[in-house]
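Participant: Quick one: sequence and predicted model below, then my questions.
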Amino acid sequence: MSGHLIRSASPLGGERTDLLVRDGVIVALGADAAAQAGSGDVRVDADGLVALPGLVDLHTHLREPGREDTETVESGTRAAAAGGFTAVHAMANTAPVADTAGVVEQVWRLGRDAGWADVRPVGAVTVGLAGERLAELGAMATSAAAVRVFSDDGKCVWDPVLMRRALEYTRAFDGVVAQHAQEPRLTVDAQMHEGVVSAEIGLTGWPAVAEEAIIARDVLLAEHVGGRLHVQHLSTAGSVEIIRWAKARGIAVTAEATPHHLLLTDETARTYDPVYKVNPPLRTAEDVEAVRAGLADGTIDVVATDHAPHAVQDKDCEWAAAAFGMTGLETCLSVVQQVMVEDGAFTWADVARVLSHTPARIGRVTDHGRPIAVGEPANLVLIDPAARRTVDPRVQETASRNSPFAGRELPGQVRWTFLRGRATIADGVAVPHADATGARA
Amino acid sequence: MRHLLSTADLSRADAVALLDTAEAMAQTQSRTIKKLPALRGLTIVNLFFEDSTRTRISFEAAAKRLSADVINFSAKGSSVSKGESLKDTAQTLRAIGADAVVVRHPASGAPHRLAHAGWIDTPVVNAGDGMHQHPTQALLDAFTLRRHLSGGEGDLAGRHVVVVGDVLHSRVARSNVDLLATLGARVTLVAPPTLLPIGVGAWRCEVSSDLDAALVGDVQGEVDAVMMLRVQRERMTSGFFPSEREYARRYGLDAARVDRLPPHALVLHPGPMNRGLEISAEAADSPRSTVVEQVANGVSVRMAVLYTLLAGDLAGEGVA
Ligand SMILES: [Zn+2]
């Protein structure tokens, strides 16, 4: 199997160097790389490109099984590759729900056969996401899919006793409970952030405290039982404060922010365009600032996309009738570049931390999120930070079109993505996996 | 003016012009032959996703007195549960050649979507959307206030209107705060804190939870009008206030409160009234009550809106 000689890339934005990738592994760096390369190795001109470890998303909706009209494991992971991801965690709110070893293995296998990115299925915490009794968490953990992240995402594990049990039980196999923090009684019929804009435009408000109350409860539960808690798509300034307090106290909690909560505010709802309808809702400019600050100081551990594809008819309607969610895999890195790197808050090493190393560590994905070093798996992304592009959902790889960034100019462009040494994206173009058996190697 | 979606979109000049046009329309309504030829040959669709016979009839009368053809389209039950229906309906309207659409919808923003989603290309008049806006109601309220307080012309500068009741769920309150403030009036909202939206502090008005204190007036001037909002009885069972009796005592307009108003002050209600809850029978039927007059004014105001949207460019000041 021939490899790739990547010429003059900047790992983590640092000194330019050559990388030689063969048989899925980084085999040489620097002068050694060029020296060892043979005529069978593909030359990749990476001058001006930043090399990062392949990105890992802790929060992706792939919609298969059940809503293959909006996304499949194949199309979703192709979108992931286009966005620089080499591993994604697929949320459990499919139909059927991923609450058994059978369903998680099915999703895992579909991902493996598609070959665009490694799919780590997330197991449901409760049977059918009904919030009534625990799903067979252990069976999912010991299945071929080796589930480590459990979430009822889309719904909050509201019952404090169930949440406690989940945090306790998953300790047996080093699992983490990822919570969609949404107090259901405080968000009945809620459509958008509750505040000045909701009051004016007459959409039912979704108070910040509905998120914060659950996070506060859950960090205390995690402390009490010693479980691992991960807070999904944190969106308010108060949530950042609670996580900061919990970490200072030594509680085992991690948190994620989405690209859209780093860039967009509830002012977008004034358009009544449901492309901006998302759960949790877009918050105020002050919240956006607090989330950015939390990401900058490490209170928020990772950026996760919450990529939520929807059919056209589920968005091309009135706001109240529309589905919650927006796509994000193909724009995530650009948004992070814009709001964190270009502001000077982040180096590229920080980007690698929040989009690769730490999400891999939280999800216990062992062969992703590794350093760019000899002997490491060749899961890599090469990006052109100087590129600018206007987002056009019609040319994205995802099967859905509901990007909140449509028409917006964003910096940065993924040029190459390598999954175990194979180019899934080559010079900006998706490369189908001709031989599915290769992914099994 | 392309659409009428929200009173917040109206400038003072727009609003006064609409009220002036409504005044001209009202003059024609005292003639034996009430019908004007202004919109002959045009088709206006009343698209109602929510029952409101009163509002529909008012729009229908307004359109017909301007000689437009009217199609009433009731789509109740197909609204929020099946989101695509709004778009589908819009495309049907496009196919049948509607010249304007008057839309009533339980979802806030539905008229805005209809106007801006690219589904149709006709003027859209918001006849009430969810908890958002009901601009023609606010215009007819302003029209009624202007007739009594400002001699039927100009704006409402310096006037003080107290709006009482379920502000949280009220499109009437939202539309009125925007329009009255634009017209220079001072507005005080009064409601229990559970029925005031979080974020109300940013509105162009004052806010109180003490009706008696608000009605007394203060150094900034006495009360010129009290606008009572309809209270949905189901709000009680969902815990917004403890009981009907407590609500009526604290926020209802009864004879004693009416008696404490200045002699010239008006009582408005968008109807239908819950007598004994937000308004007592005596207050509802008192000479200060403009409830019946508001209905008549509604037709003139809606004529003015349709005329301005559909014929304003053609006829200029022709009617005035
Ligand atoms: Zn979620």
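Facilitator: Great, that's in hand.

Participant: Spell out which parts of the stretch 201-350 of chain A neighbour chain B.
Facilitator: Residues of the stretch 201-350 of chain A lying near chain B by Cβ under 8 Å from any Cβ of the partner chain: A:201-205, A:207, A:271-273, A:313-314, A:316-322. Heads up, the C-betas are built off the backbone N, CA and C, glycines and all.

Participant: Can you tell me the SS state at A:Trp108?
Facilitator: helix (DSSP: H, G, I helix; E, B strand; the rest coil).

Participant: hang on, the earlier thing: give me the subset of the residues of the stretch 201-350 of chain A next to chain B lying in helices.
Facilitator: A:Ile201 (DSSP state H).

Participant: Pull out the buried members of the residues of the stretch 201-350 of chain A next to chain B.
Facilitator: Buried members of these, scored by 16 or more other Cβ atoms under 10 Å in any protein chain shown, are A:201-205, A:207, A:271-273, A:313-314, A:316-322.

Participant: Filter these down to the ones in strands?
Facilitator: Residues of these located in strands (DSSP state E): A:Gly205.

Participant: Any idea which residue of chain A lies closest to the ion?
Facilitator: Taking Cβ to the ion, the ion has its nearest neighbour within chain A at A:His180, 3.8 Å off.

Participant: Report the separation between that residue and B:Ile33.
Facilitator: Taking Cβ to Cβ, to the nearest Å as the measure, A:His180 falls 65 Å from B:Ile33.

Participant: More neighbours: which of the two?
Facilitator: Using other Cβ atoms under 10 Å in any protein chain shown, the more surrounded residue of A:His180 and B:Ile33 is A:His180, with 25 against 7.

Participant: Quick check, pLDDT for the more buried one.
Facilitator: You'll see A:His180 listed with a pLDDT of 98.

Participant: can I assume it is in contact with A:Gln232?
Facilitator: Yes - A:His180 is in contact with A:Gln232 according to Cβ atoms under 8 Å; the separation is 5.3 Å.

Participant: any shared contact partners between those two?
Facilitator: Shared contacts of A:His180 and A:Gln232, defined by Cβ atoms under 8 Å, 6 or more residues apart in numbering or on different chains, comprise A:Ser151, A:Asp153.

Participant: The closest residue to B:Asp224 other than its chain neighbours: what's it in contact with?
Facilitator: Once flanking residues are discounted, B:Asp224 sits nearest to B:Arg159: 4.6 Å by Cβ to Cβ, 6 or more residues apart in numbering or on different chains. Contact analysis of B:Arg159 by Cβ under 8 Å, 6+ apart lists B:Leu145, B:Leu149, B:Ser150, B:Gly184, B:Ala185, B:Arg186, B:Asp224, B:Ala225.

Participant: Who are the contact partners of the fourth one?
Facilitator: Remark: with contacts taken as Cβ under 8 Å, 6+ apart, B:Gly184 is in contact with B:Arg12, B:Asp155, B:Leu156, B:Ala157, B:Gly158, B:Arg159.

Participant: Same check on the third one?
Facilitator: Residues in contact with B:Ser150 (Cβ under 8 Å, 6+ apart) are B:Leu156, B:Arg159.

Participant: quick one: it from B:Leu156, how far?
Facilitator: Between B:Ser150 and B:Leu156 the computed distance is 6 Å (Cβ to Cβ).

Participant: Report the mean per-residue pLDDT for stretch B:153-166.
Facilitator: The model assigns stretch B:153-166 a mean pLDDT of 96.

Participant: buried residues in it?
Facilitator: Within stretch B:153-166, the residues that count as buried by 16+ other Cβ under 10 Å are B:Asp155, B:Leu156, B:Arg159, B:His160, B:Val161, B:Val162, B:Val163, B:Val164, B:Gly165, B:Asp166.

Participant: Could you give the number of residues near the spatially closest residue to A:Trp245 that is not a sequence neighbour?
Facilitator: Spatial nearest neighbour of A:Trp245, chain neighbours left out: A:Val219 (8.0 Å); criterion: Cβ to Cβ, 6+ apart. Neighbourhood size, A:Val219 [other Cβ under 10 Å]: 23.

Participant: Which strand or helix spans A:Val219?
Facilitator: Here A:Val219 sits within helix A:208-225, counting by DSSP states H and E.

Participant: and that helix, does that touch the ion?
Facilitator: No - Helix A:208-225 stays clear of the ion (Cβ under 5 Å from the ion), getting no nearer than 10.5 Å.

Participant: Remind me what the helix or strand following that helix packs against, helices and strands.
Facilitator: Following helix A:208-225 in sequence order, the next helix or strand is strand A:229-231 (DSSP H and E). Counting by 3 or more Cβ pairs under 8 Å, 6 or more residues apart in numbering or on different chains; DSSP states H and E, the packing neighbours recorded for strand A:229-231 are strand A:176-179, helix A:208-225, strand A:253-257.

Participant: Which phi and psi values does residue 153 adopt?
Facilitator: I'll assume chain A. phi -40, psi 140 (degrees, to the nearest 10).

Participant: meant chain B, my bad for not saying
Facilitator: According to degrees, to the nearest 10, B:Glu153 has phi -140, psi 160.

Participant: again, but for the one 3 residues further on
Facilitator: Dihedral pair for B:Leu156: phi -120, psi 30, per degrees, to the nearest 10.

Participant: And it, how far from A:Arg164?
Facilitator: According to Cβ to Cβ, B:Leu156 stands 59 Å off from A:Arg164.

Participant: tell me the contacts of the residue sitting nearest the centre point of chain B?
Facilitator: Residue closest to the mean C-alpha point of chain B, counted by Cα atoms, centre = their mean, is B:Gln137 at 1.5 Å. B:Gln137 makes contact with B:Thr55, B:Gly128, B:Arg171, B:Val172, B:Ser175, B:Asn176, B:Pro270, B:Gly298, according to Cβ under 8 Å, 6+ apart.

Participant: Identify the residue nearest whichever residue of the stretch 51-200 of chain A sits closest to chain B in space, chain neighbours excluded?
Facilitator: Ranked by Cβ to the nearest Cβ, the top residue of the stretch 51-200 of chain A for proximity to chain B is A:Ala199, at 3.2 Å. Among residues not flanking A:Ala199 along the chain, B:Gly199 sits closest, at 3.2 Å (Cβ to Cβ, 6+ apart).

Participant: so where's the stretch 251-400 of chain A shaky on pLDDT?
Facilitator: The stretch 251-400 of chain A contains no residues with pLDDT under 70.

Participant: can you map out the helices along it?
Facilitator: A:259-263, A:285-296, A:332-336, A:348-352, A:358-363 (DSSP state H, counting those that start in this stretch).

Participant: Then the stretch 1-150 of chain A?
Facilitator: Along the stretch 1-150 of chain A, counting by DSSP H, counting those that start in this stretch, helices occupy A:31-36, A:73-82, A:101-114, A:137-142.
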